[in-house]
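**Student:** predicted model follows, preceded by the sequence.
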Amino acid sequence: MQEEQHSEAAAEPVSSSDAPEDGPKETSSVSQNISDADAFKILLEMKMKKRQKKPTLPSTVTELDTEDGSKVYVVGTAHFSDSSKKDVVKTIQEVQPDVVVVELCQYRVSMLKMDEKTLLKEAKEINLEKLQQAIKQNGVMSGLMQMLLLKVSAHITEQLGMAPGGEFREAFKEASKVPFCKFHLGDRPIPVTFKRAIAALSFWQKVKLAWGLCFLSDPISKDDVEKCKQKDLLEQMMAEMIGEFPDLHRTIVSERDIYLTYMLKQAAKQIELPRASETEPRKYIPAVVVGVVGMGHVPGIEKNWNSDLNIQEIMSVPPPSTSSKIFKFVIKATVFGLMGYGCYRIGQRTVQLILSMPAAQSYLQKLTEIRPQH
């Protein structure tokens with residue numbers, strides 16, 4: 001299936017040597033003689049003992065159930081919040097999940113393994129190289145939209161001195177400590193989101209939105225972020241700017257609510273227990289899943305939870321409209337025009353500089369003296 005091609009990032013299960021030592025050290029030699037299925041059962045039992053039947057969870061966690069008894073704990077976060085990181089760590093430690101799903105796609109997975117300092121530097125630096133890469137990856141219109149949204153994120157980063165996505169990195173670290181815990185990327189690929197968002201806007205709406213994003217400069221404090229715990233800061237700022245564009249809100253927020261809900265439900269399918277032999281009947285147990293998403297997506301996930309979801313429609317990219325083609329042509333013409341004018345000005349100044357050099361003037365004078373002799 002399409003979602004399976006980009007929905008997982010490996011979080012290695014913790015080794016048996018990292019598990020608590022309940023027995024004497026001599027058991028390490030005995031463990032070499034047990035089968036893989038028995039070893040799996042032992043680790044699974046240890047995990048179940050550690051899992052709290054009535055976990056003490058932060059107030060930002062929403063509990064959802066599936067028809068087959070699986071449980072999903074959705075942690076609503078603010079993407080620039082230290083408190084959200086603690087909420088994620090606490091939830092994973094309490095419930096010892098089988099799967100952790102985060103609001104990331106394969107195009108943003110690099111933030112999981114980059115350190116905070118590097119991410120802070122990357123988020124603040126928006127240059128021509130990044131613009132070219134975004135356009136190459138997503139096309140002119142979607143690439144420009146991506147860079148404008150990165151500018152919003154960079155604005156928050158600069159104001160707070162904090163890199164985005166800290167709660168996702170904490171989720172990745174904690175998932176690697178839980179035996180047999182899988183790590184899934186649960187968000188729709190960002191190129192699809194941007195292309196659908198662009199297609200939903202008219203020419204003048206594109207211009208108006210770009211203008212609003214370009215001149216974003218309101219100061220933000222850390223207290224503002226924590227106050228936005230009930231609605232993710234980045235998405236709240238976007239909602240304020242795109243409030244007059246309901247189609248844009250639909251593609252950036254509502255459709256992703258559906259996609260995230262679908263991926264959480266896929267992750268919450270029952271788990272098959274290990275079998276000692278092929279003849280032994282298959283046994284399944286309900287799964288425990290932790291979802292880490294922006295707080296603004298939680299209401300939409302709750303709303304869609306009991307619905308039959310089909311993500312094929314929201315994964316399709318509509319063909320560009322006439323206004324998009326015109327806007328794309330104007331942008332290209334402007335870029336090439338500025339480049340051509342820049343080259344002309346540089347060339348003109350270079351020629352003037354060379355001609356003003358004494359050596360060049362001397363050479364030209366000799367040429368004028370030689371020419372009459374011919």
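**Tutor:** Structure's in. What do you need?
**Student:** and the next helix or strand past the helix or strand harbouring residue 46?
**Tutor:** Assigned by DSSP states H and E, residue 46 falls within helix 36-50. Downstream of helix 36-50, the first helix or strand assigned by DSSP H and E is strand 61-65.
**Student:** returning to what we had before: quick check: buried residues in the helix holding residue 46?
**Tutor:** 40, 42, 43, 44, 46, 47 (16 or more other C-beta atoms under 10 Å). (C-beta placed from N, C-alpha, C; glycine too.)
**Student:** mean confidence score for it?
**Tutor:** The average pLDDT within helix 36-50 is 81.
**Student:** what's the burial count for the nearest residue to residue 262 once chain neighbours are set aside?
**Tutor:** Nearest residue to residue 262, sequence neighbours excluded (C-beta to C-beta, 6 or more residues apart in numbering): residue 309, at 4.6 Å. Using other C-beta atoms under 10 Å, the number of residues around residue 309 comes to 14.
**Student:** low-confidence stretches in the stretch 101-250 of the chain?
**Tutor:** Regions of the stretch 101-250 of the chain meeting the criterion pLDDT under 70 cover residues 116, 119-120, 122-161, 209-244.
**Student:** hang on, the earlier thing: residue 192: which of the buried residues of helix 36-50 is nearest?
**Tutor:** Residue 192 lies nearest to residue 47 out of the buried residues of helix 36-50, by C-beta to C-beta, at 35.6 Å.
**Student:** distance of the closest one from residue 357?
**Tutor:** Look at residue 47 and residue 357: by C-beta to C-beta, to the nearest Å, they are 77 Å apart.
**Student:** how about residue 113?
**Tutor:** For residue 113, the distance to residue 357 (C-beta to C-beta) stands at 52 Å.
**Student:** do the same with residue 51
**Tutor:** 79 Å.
**Student:** who's more crowded, those two?
**Tutor:** Each of residue 51 and residue 357 has its neighbours counted (other C-beta under 10 Å); residue 51 has more, 16 against 10.
**Student:** that one - nearest residue in space that isn't next to it in sequence?
**Tutor:** Excluding the flanking residues, the one nearest residue 51 by C-beta to C-beta, 6+ apart is residue 96, at 4.0 Å.
**Student:** so how many other residues sit close to that neighbour?
**Tutor:** 21.
**Student:** ok, it - contacts?
**Tutor:** The contact partners of residue 96, taken as C-beta atoms under 8 Å, 6 or more residues apart in numbering, are 47, 48, 50, 51, 52, 178, 181, 288.
**Student:** what about 7 Å?
**Tutor:** Going by C-beta atoms under 7 Å, 6 or more residues apart in numbering, residue 96 touches 47, 50, 51, 178.
**Student:** ok, now residue 75?
**Tutor:** By C-beta under 7 Å, 6+ apart, the contact list for residue 75 reads 60, 61, 87, 88, 91, 290, 291, 292.
**Student:** doesn't it fall inside a helix?
**Tutor:** No - secondary structure of residue 75 (DSSP: H, G, I helix; E, B strand; the rest coil): strand, not part of a helix.
**Student:** who does it form a beta bridge with?
**Tutor:** Residue 75 forms beta bridges with residue 61, residue 292, as assigned by DSSP bridges.
**Student:** how far away is it from residue 319?
**Tutor:** Counting by C-beta to C-beta - residue 75 and residue 319 are separated by 38 Å.
**Student:** start and end of stretch 189-206, how far apart?
**Tutor:** By C-alpha to C-alpha, to the nearest Å, the extent of stretch 189-206 from end to end equals 21 Å.
**Student:** circling back: between the contacts of residue 75, which sits nearest residue 100?
**Tutor:** Relative to residue 100, the closest of those is residue 290; by C-beta to C-beta it sits at 4.9 Å.
**Student:** how about that closest one: what's its closest non-neighbour residue?
**Tutor:** Spatial nearest neighbour of residue 290, chain neighbours left out: residue 97 (4.4 Å); criterion: C-beta to C-beta, 6+ apart.
**Student:** and the nearest residue to residue 270 once chain neighbours are set aside, how many neighbours?
**Tutor:** Distance criterion C-beta to C-beta, 6+ apart; nearest residue to residue 270, sequence neighbours excluded, is residue 284 at 4.0 Å. A count of nearby residues for residue 284, using other C-beta under 10 Å, gives 12.
**Student:** show residues contacting stretch 67-74.
**Tutor:** 57, 61-65, 91, 95, 264, 268, 270, 286-291, 293, 298, 301.
**Student:** buried ones from those, can you make that a PyMOL selection?
**Tutor:** Remark: buried members of the contacts of stretch 67-74, expressed as a PyMOL selection using 16+ other C-beta under 10 Å:
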select buried, resi 57+61+62+64+91+95+264+268+286+287+288+289+290+291+293+298+301
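**Student:** quick one, phi/psi of residue 105?
**Tutor:** Backbone torsions of residue 105, given as degrees, to the nearest 10, read phi -120, psi 180.
**Student:** that one reaches residue 191, doesn't it?
**Tutor:** No - Residue 105 is not in contact with residue 191 according to C-beta atoms under 7 Å; the separation is 8.9 Å.
**Student:** so what's residue 40 up against?
**Tutor:** If you count contacts by C-beta under 7 Å, 6+ apart, residue 40 has them with residue 274.
**Student:** check the gap between it and residue 309 for me.
**Tutor:** Residue 40 sits 32 Å away from residue 309, going by C-beta to C-beta.
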